[in-house]
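In: Test case, fold it:
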Amino acid sequence: MSSTRHVALAIAMLPLAMAQTVSNAHFHHLHLNAIDPAADIEFYTTKFDAEKGKFAGVADGVWAQKSWILFTKVNTPPKSDITSTIWHFGWGAEDMKATYEKQVAGGTKFQTPLTDISDIGGNPNAKPGSFYYAYVLGPDGALIELNTAAHHRFGHLHLLSENPVAAAEWYEKQFGVKARKTAEKRMYRGVQIAPSASFNMDNVNLIMFPLEYARTDNWPYWKDRPTFESTAGHVVDHIGVSVDNLDDAMAKLKAAGVKVLAEPRSVAGGKIKFAFIEGPDQMKIEVIEGHPTKE
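Out: Numbering: from 1, shown residues only. This is a model prediction of the structure:
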């Protein structure tokens, strides 16, 4: 084969290699189950950088810079044990020590106190005090991380996965994200943190650690548990991904073999049009028409 023909063939195949199922997808919302949505909204908007808003003019929620945190009222406490793929979500802090002290003084309850993990990147000579985290215990048992960052916005969603690399590749294929993936096994302070993957979807960094993190850290509810259960019914019930046209997006996702949990429907007089699909590790994903905007 001539070099010219070889190059032409490679160029012709390039769109196939780069093809994604749905174009122009955005992170739309995090959807929580709540005993008292009004109290939750008050909590998130007073403890973190977020503000009250009304999604589509009909639903009270939290506007967090570029996306929503929405709530469904439930009569019994949602599941807070980390037995689904969703581990926690969180905000950044430029000065983590000062932020932690301010939160403690304000009565915030922490599951995990201020902890220095400056060497988590693998550099044993990392400067102590350069990276901290702490876990806030939020309403309905939600686990909320505060961590050192160059910002103080709603910044990440941390997942566990049976196969982080394959899970990230699913999001790449369906929604066109660009993931960073590490296939090698890695331990940190006696727990397994890789293989791992992460990708940004607008302001939110979705991070995936291996399920073995829970097992090597001896989480009691993973002692005899074989795999994940659906995120549905947990304190974090699902995530929302927005698209330009719902019917078109769902037709493409079906053709790509994605599992559909609920067909498209609309509420609020047609102001909200949505459907549900299942992502890796039984992640419930709402596909919603129209991109997030502050009302």
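
In: I'd like to know which elements the helix or strand hosting Val241 is packed against.
Out: Under the criterion of DSSP states H and E, Val241 resides in strand 236-243. Judged by 3 or more C-beta pairs under 8 Å, 6 or more residues apart in numbering; DSSP states H and E, strand 236-243 is in contact with strand 26-34, strand 67-73, strand 283-289. No exception for glycine: its C-beta is placed from N, CA and C like everyone else's.

In: list the buried ones in the next helix or strand after it?
Out: Later in the chain than strand 236-243, the nearest helix or strand by DSSP H and E is helix 246-255. If you call a residue buried by 16 or more other C-beta atoms under 10 Å, then helix 246-255 has these buried ones: Leu246, Ala249, Met250, Lys252, Leu253.

In: next one: stretch 108-123
Out: Thr108, Leu114, Asp116, Asp119.

In: Repeat that for stretch 74-87.
Out: For stretch 74-87, a neighbour-count test (16+ other C-beta under 10 Å) marks Val74, Pro78, Lys79, Ser80, Ile82, Thr83, Ser84, Thr85, Ile86, Trp87 as buried.

In: In a markdown table, list those residues along with distance to Thr293.
Out: Rendered in a markdown table, the data for those read as follows (distance: C-beta to C-beta, whole Å):
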| residue | distance to Thr293 |
| --- | --- |
| Val74 | 27 |
| Pro78 | 28 |
| Lys79 | 31 |
| Ser80 | 31 |
| Ile82 | 32 |
| Thr83 | 34 |
| Ser84 | 29 |
| Thr85 | 28 |
| Ile86 | 25 |
| Trp87 | 28 |
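
In: Contact partners for Lys181?
Out: Shown in contact with Lys181 (C-beta atoms under 8 Å, 6 or more residues apart in numbering): Pro164, Val165, Ala168, Glu169, Pro195, Ser196, Ala197.

In: Check for me that Arg186 belongs to a strand.
Out: Yes. Per DSSP: H, G, I helix; E, B strand; the rest coil, Arg186 lies within a strand segment.
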